[in-house]
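*Asks:* Need coordinates for the below:
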Amino acid sequence: MATKAAYKRLSKEYVAMQKEPPPFVWAAPDEKDILTWNFIIHGPPDSPYLGGEYHGVLLFPPEYPFKPPGIKMYTPSGRFYPDKKICFSMSDFHPGSWNPAWSVATILTGLVSFMLSDEMTTGSVTTSDTEKRLYASRSHAWNVQQRRFKEAFPEYCTPSRRPLPNMGEKERGLPDPDTASSTSESSSDSCLPLIPTPKVGLGTQPPTALPKPAGVIRPRKGRAVSTTGAGDGSRGWAATWRQVVWDKWRWGILIALAVVVSRITTST
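*Replies:* Just a heads-up that it's a prediction; the model follows:
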């Protein structure tokens, strides 16, 4: 039975798995036991496992995340013995090297990397690349005949292999398979705008408000009051010219008056 810490941690990791699964991997806890997680690995490109679908299980201890899980792979792969525990740095074969910060995503990403290597260890077998490709081509047909796979992943028991949520397309700069079809449909008409403009018609409401013109203050009651003091275009230009003339000649008039006053005072 899972401890409170293990239950909380694994529940959080399942949410993270749903939001952002690692490339070529999918995993989910057993409905009856959160310490048992079934996983699927799809063979990455440029490997003899391309096209393969590999079902396995993570067996977490009640003390997780302070102790590592046991790891098995059920589907014959040419890399691991079916239904035998696999020894690598993130498994229960090496509790001393375990890091509690590692997660389900970290473990399965590490397992994919270990699967692609040639390192021999407990639970691994030696086969040629040709044999691995043969196992990969038969893997899905083998899985859908297994009771454990049917119970764990009924949605993947389809006539042909179904893509996982993250097929590594993002890492290679390509669209995800699940979204490629919808993307191609939406981009089939190059004349469509990227951002649709609202249309006013029957059964629709026009925009509720338009931007207010700059320089206009709208009081609570009455007409809008212009902050420029011009009622219309012509009045605005006339007022502007009057202001310019007045600013230009105002000081000249004042100086002339001062000269006249000084002369009158001197003559008297």
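*Asks:* use CA for all of it now, contacts and neighbours both
*Replies:* OK.
*Asks:* remind me which residues of this structure are low pLDDT?
*Replies:* 169-268 (pLDDT under 70).
*Asks:* can you give me the strands for it?
*Replies:* 25-29, 36-42, 53-59, 70-73, 216-217, 225-226 (DSSP state E).
*Asks:* Going by contacts, tell me the helices and strands next to the fourth one.
*Replies:* If you count contacts as 3 or more Cα pairs under 8 Å, 6 or more residues apart in numbering; DSSP states H and E, strand 70-73 packs onto strand 53-59.
*Asks:* helices or strands up against the strand it packs on?
*Replies:* strand 36-42, strand 70-73, helix 129-143.
*Asks:* run the last query once more with 6 Å
*Replies:* When contacts are defined as 3 or more Cα pairs under 6 Å, 6 or more residues apart in numbering; DSSP states H and E, strand 53-59 packs onto strand 36-42, strand 70-73.
*Asks:* Which of those strands sits closest to residue 99?
*Replies:* Judged by Cα to Cα, the one of the helices and strands packed on strand 53-59 that comes nearest to residue 99 is strand 70-73, at 14.5 Å.
*Asks:* who's residue 71 bridged to?
*Replies:* Here residue 71 sits in beta bridges with residue 58, as judged by DSSP bridges.
*Asks:* Surely it is in contact with residue 83?
*Replies:* No: using Cα atoms under 6 Å as the test, residue 71 is too far from residue 83 to be in contact (9.1 Å).
*Asks:* Next one: residue 128 relative to residue 114, how far apart?
*Replies:* 16 Å (Cα to Cα, to the nearest Å).
*Asks:* More neighbours: which of the two?
*Replies:* Per other Cα atoms under 10 Å, whichever of residue 128 and residue 114 has more neighbours is residue 114, with 15 against 11.
*Asks:* Contact partners for residue 123?
*Replies:* With contact taken as Cα atoms under 6 Å, 6 or more residues apart in numbering, residue 123 is in contact with 80-81, 84-86.
*Asks:* Make a markdown table from these and add neighbour count and distance to residue 32 to it.
*Replies:* Shown next, in a markdown table, are these (neighbours: other Cα atoms under 10 Å; distance: Cα to Cα, whole Å):
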| residue | neighbour count | distance to residue 32 |
| --- | --- | --- |
| 80 | 23 | 27 |
| 81 | 19 | 26 |
| 84 | 15 | 22 |
| 85 | 22 | 22 |
| 86 | 22 | 24 |
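*Asks:* Residue 101: neighbour count?
*Replies:* Around residue 101 there are 8 other residues, counting by other Cα under 10 Å.
*Asks:* Show me what counts as buried in stretch 144-152.
*Replies:* 144, 149, 152 (16 or more other Cα atoms under 10 Å).
*Asks:* Residues touching that stretch, excluding its own?
*Replies:* residue 157.
*Asks:* hang on, the earlier thing: when residue 71 and residue 83 are compared, which one has more neighbours?
*Replies:* residue 71 (25 against 15).
*Asks:* From residue 38, how far off is that one?
*Replies:* 10 Å.
*Asks:* what's the overlap in contacts for these two?
*Replies:* By Cα under 6 Å, 6+ apart, the residues touching both residue 71 and residue 38 are residue 57.
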